[in-house]
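Novice: Can you look at this prediction? I've put the sequence above it.
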4 protein chains.
Amino acid sequence: MTRHSLQHHLYIVIFGTHTKAGRAFDITLIAAILASLAVLVFESVPSVNANWGIQLRYLEYTFTALFTIEYLLRLYCSPKPTAYAKSFYGVIDLLAILPTYLAFFFPAATFMGVIRALRIMRIFRILKLVRYLQDSNLLLRSLLMARRKIFIFFSTVAILVTIFGALIYVIEGPKNGFTSIPQSIYWAIVTITTVGYGDLVPQTALGKGIAAITMLLGYSILAVPTGIITAELHQEMNSHKSLVKCPNCSRSGHESDALFCKHCGSQLADPDKRVVSVDEQGRSK
Amino acid sequence: MTRHSLQHHLYIVIFGTHTKAGRAFDITLIAAILASLAVLVFESVPSVNANWGIQLRYLEYTFTALFTIEYLLRLYCSPKPTAYAKSFYGVIDLLAILPTYLAFFFPAATFMGVIRALRIMRIFRILKLVRYLQDSNLLLRSLLMARRKIFIFFSTVAILVTIFGALIYVIEGPKNGFTSIPQSIYWAIVTITTVGYGDLVPQTALGKGIAAITMLLGYSILAVPTGIITAELHQEMNSHKSLVKCPNCSRSGHESDALFCKHCGSQLADPDKRVVSVDEQGRSK
Amino acid sequence: MTRHSLQHHLYIVIFGTHTKAGRAFDITLIAAILASLAVLVFESVPSVNANWGIQLRYLEYTFTALFTIEYLLRLYCSPKPTAYAKSFYGVIDLLAILPTYLAFFFPAATFMGVIRALRIMRIFRILKLVRYLQDSNLLLRSLLMARRKIFIFFSTVAILVTIFGALIYVIEGPKNGFTSIPQSIYWAIVTITTVGYGDLVPQTALGKGIAAITMLLGYSILAVPTGIITAELHQEMNSHKSLVKCPNCSRSGHESDALFCKHCGSQLADPDKRVVSVDEQGRSK
Amino acid sequence: MTRHSLQHHLYIVIFGTHTKAGRAFDITLIAAILASLAVLVFESVPSVNANWGIQLRYLEYTFTALFTIEYLLRLYCSPKPTAYAKSFYGVIDLLAILPTYLAFFFPAATFMGVIRALRIMRIFRILKLVRYLQDSNLLLRSLLMARRKIFIFFSTVAILVTIFGALIYVIEGPKNGFTSIPQSIYWAIVTITTVGYGDLVPQTALGKGIAAITMLLGYSILAVPTGIITAELHQEMNSHKSLVKCPNCSRSGHESDALFCKHCGSQLADPDKRVVSVDEQGRSK
């Protein structure tokens, strides 16, 4: 019983966000994630690493120890440990500690490149923060609702980019830097997204004409995803309105601050209940 | 009769998408298109072509054979073969196989550039995929509804780009790389679409001022096509809402708060049923 | 009387667009404008000018003669010649012919730069085309309705660009190319509009940080004009809906294809009249 | 009493905008701010400063004197001087004059860099103009309403930029210019915002693939803030529509098709009057 109640208590603190202790745990964890990312970033700067390399490495070990304890505690107190371990967050929590252990036990002399890649893989630790962006469900839902349209949009972009890449490859050719179709498709992506590095630029008049068409196309089809997401978001936000139904005429579509039905004039719900439902609607406060 | 039923059976498999065989055919075809594009792309990479050139060529011949069979089958089983051959998809299907045959029968020694262009023209094979983006009709309809506004928008962009190109040509002149008006219009397009390669850049103070105005114009008129498409898309999506059909005249397209059919004036449905139908509203699936 | 009727007839042909002759006149004029612009553009290409310089010059004189006749005819047949001459289109029509005459009568040897500028000023001839984009009034009205918000938006951009320009000037200084505040403001505009030429780039870590903030700001405030214009356009398009009022309950807000009031079920108007009013609503057909 | 009335009179002129004198004061102040900014900007141009340095300095002293008088007058006539001094505008008004005094009393020979930074800090004087953009509250309110969503959006961008920066750092490495993770994150920001300076560009095929994904991501998530702001702005503008006030509780904010007050349930107005008020609806003037 004691063990069970300890587990439950830990569960509320670690997984919950509503108690004072849970909130403190969350803030500490966020601070630890950000600090550990700062360590990783500073480690990669040659001048900083030369002077503070050892200190940064010990800080890294400390953070890895902390995240290991966190991971084990989560496994211990979760009601369904295997479900947690297999979940998105479980995998992220494991990935956040694994690279350091792997790098530690690897024979450093042999595969320098692997060690380096493993160290940088610690950056995925940043995904632990996604847990605290949970309120992003309105945005996410809009994107999910629009995923079919977004897929069609990206397919269209892929087709355009391939065709324009091949065209510029034929027109400009290897002598002007367009050495292969993949290279030319890369140019087309750089151009259609209006990034325009300028490392690869058409030299012939015809090539410049094709480039101009690619740019104008990119410029105008940029409008399509915006239109899709705006329309979905708008519908999502409006659908939040219509949760309350009039008890008298059963009609919905009232604004969130409405107390009385705008169609028949009867009271919608008692204010307190309404306030609760407003909170449940997940509008930005 | 047997021949007719074979034709009909093939028609359902090749043109249809609802039977199991039809679905399998579609997936095989999509895979073949993508693989054949991969062959084309890899062929253009010098290092890959040096090592695998012959294998890639034989793969290409295989795919061309497959697409030829597909084209002939489509001609054979289509109820109206000439109508198919003249349709957008018929032309695309022919274009997908023609370049390889032309390149094969051409005297390779004489026109190397033509051969090269013909090979690359195989890229238009990608348009065979458009058949499977058919569900893009909401997007397409929005664009068609807005085509007049989009034409006006592009005319405005063309006028602006010509004027700013001529201005920068006068101000900067050939000594700073603006060798002619077409070249300067190319610069104006690169700038107004915010691509900004940087291969052609104003050097004088006045030229930089003109460039700054061009950029800010581009930055703000980018908002116009977005606005047009968003507004159209929004209206399209809303017109989808109205799944409710009039019990009298069976016509749909009513606004969500309509009580009476706007076509014949009969009452649409009793309020309770309407509320249910509001929940079922045609959100994009 | 004869003269008056000639004037009136010419007026209908030249200023009107609904008669067959008027339409033919418009198409001829548009073709002449485009051809005359082509002449100007080709004249600026050194290789073309070397070979066809004299022919292009004579073409130019022909077009100027045509536009002069057009201008005089417009003055002659307009019911209020001075009002026309002072109007936007009157000024444009005069500007379209003036540069050629000025360049002709100027002592060419003395002010070569002036001659060159005068020649290029013929580009403003393109504005004669604006007359035929008249249907752009929905877009224009949206922009006019939003002009206050757009002014505030551009003021905000101006303030941001000045502050970030000054900051980067202090941080990077003349040694990294940021030679003065105007030059640095130019960089800030290039960056905030996401053009990014790359001719002027921060070199210090702090400068790069400031640049990153400028980019992200630009990236997100780009959303503001889009939002403004989308919202205005949406309202404009919706306001077109509500022109018809129900003769029974006097309520508006019906869709353009509604025959019956959606509120009370009474017939809205007789179909023929409705069709006319739809045409007058200026929706894109 | 006289002093009090003088204070009150000054208050109306200086803080108010509705009297003729107040309007004149505002216009003079705006002109002084813009002129003083022009002085600062010209001072930074080496060629101008060499010729007009002394004149510009004296102009600067004049403007500082004017702004000092303005600041003291505001302190004198404000009913709550300390509240004003602590307010946003009070701090800005102080910051607008402080740098010149500090630079004047500083031992110029010792800290040249400080003097230079102080001089440039005068640029914050531009924020005095914000006072006259007060009508920007619709835009500001939309941004504030959406601030939670914007925060989530920027967090997502920060996570993406960190991950892609780390990936490109591993793939390209210091030999291709990606010397550290901060440098690589800078590249990721330049790419995802579609600025694309081109000073740092991937060289390997894998790096170019990562860059292409970053661009396409940037291209499409650009749609998210636009969608957010458009949807908010649209809702803000619609909530403005409801100029109709309840005859019973005098509260506004009703939807345009509301018949009954949503706050107290009393009938809003008789239909005919409502139709008129719909026409008067609060379109942005």
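Specialist: Right, received. Where do you want to start? Numbering: from 1, shown residues only, chains lettered A, B, ... in the order given.
Novice: tell me the average confidence for the one helix or strand A:R74 maps to?
Specialist: According to DSSP states H and E, A:R74 maps onto helix A:46-77. In this model, helix A:46-77 carries a mean pLDDT of 91.
Novice: hmm, that helix in reach of chain D?
Specialist: Yes: using CB under 8 Å from any CB of the partner chain, helix A:46-77 reaches chain D at A:P46. (Each C-beta comes from the backbone N, C-alpha and C, glycine too.)
Novice: list the helices and strands that helix packs on?
Specialist: Packing partners of helix A:46-77 (3 or more CB pairs under 8 Å, 6 or more residues apart in numbering or on different chains; DSSP states H and E): helix A:2-15, helix A:20-43, helix A:81-86, helix A:88-95, helix A:98-105.
Novice: which residues are in contact with the shortest one?
Specialist: Contacts with helix A:81-86, where a contact means CB atoms under 8 Å, 6 or more residues apart in numbering or on different chains, come from A:74-75, A:78, A:90-91, A:94.
Novice: Just confirm yes or no for stretch A:29-43 near chain C.
Specialist: No: if you take CB under 8 Å from any CB as the test, stretch A:29-43 misses chain C, and the best it gets is 12.1 Å.
Novice: That stretch near chain D anywhere?
Specialist: Yes: using CB under 8 Å from any CB, stretch A:29-43 reaches chain D at A:37, A:40-41.
Novice: contacting residues around the residue positioned nearest the centre of chain A?
Specialist: Central residue of chain A (CA atoms, centre = their mean): A:V130, 6.7 Å from the mean position. For A:V130, the contacting residues are A:89, A:92, D:159, by CB under 8 Å, 6+ apart.
Novice: one more time with 10 Å, if that's ok
Specialist: Residues near A:V130 by CB atoms under 10 Å, 6 or more residues apart in numbering or on different chains: A:88-89, A:92, A:136, D:155-156, D:159.
Novice: tally of neighbours for A:G90?
Specialist: Neighbour count of A:G90, defined by other CB atoms under 10 Å in any protein chain shown: 18.
Novice: which residue packs closest to it, ignoring adjacent ones?
Specialist: A:Y84 (4.7 Å; CB to CB, 6 or more residues apart in numbering or on different chains).
Novice: what's the answer for A:T68, then?
Specialist: Excluding the flanking residues, the one nearest A:T68 by CB to CB, 6+ apart is A:I97, at 5.1 Å.
Novice: can you count the residues close to the closest residue to A:D93 other than its chain neighbours?
Specialist: Closest residue in space to A:D93, ignoring its immediate chain neighbours: A:Y71 at 4.8 Å, by CB to CB, 6+ apart. Residues lying near A:Y71 (other CB under 10 Å) number 18.
Novice: isn't A:Y71 right next to A:Y101, touching?
Specialist: No: using CB atoms under 10 Å, A:Y71 is not in contact with A:Y101, being 11.5 Å away.
Novice: How is chain A divided into domains?
Specialist: Residue ranges for the domains of chain A, per automatic domain parsing: A:3-128, A:130-241.
Novice: In TSV, list the ones you listed along with distance to D:F67.
Specialist: Below are these laid out as TSV (distance: least, CB to CB, whole Å):
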stretch	distance to D:F67
domain A:3-128	41
domain A:130-241	42
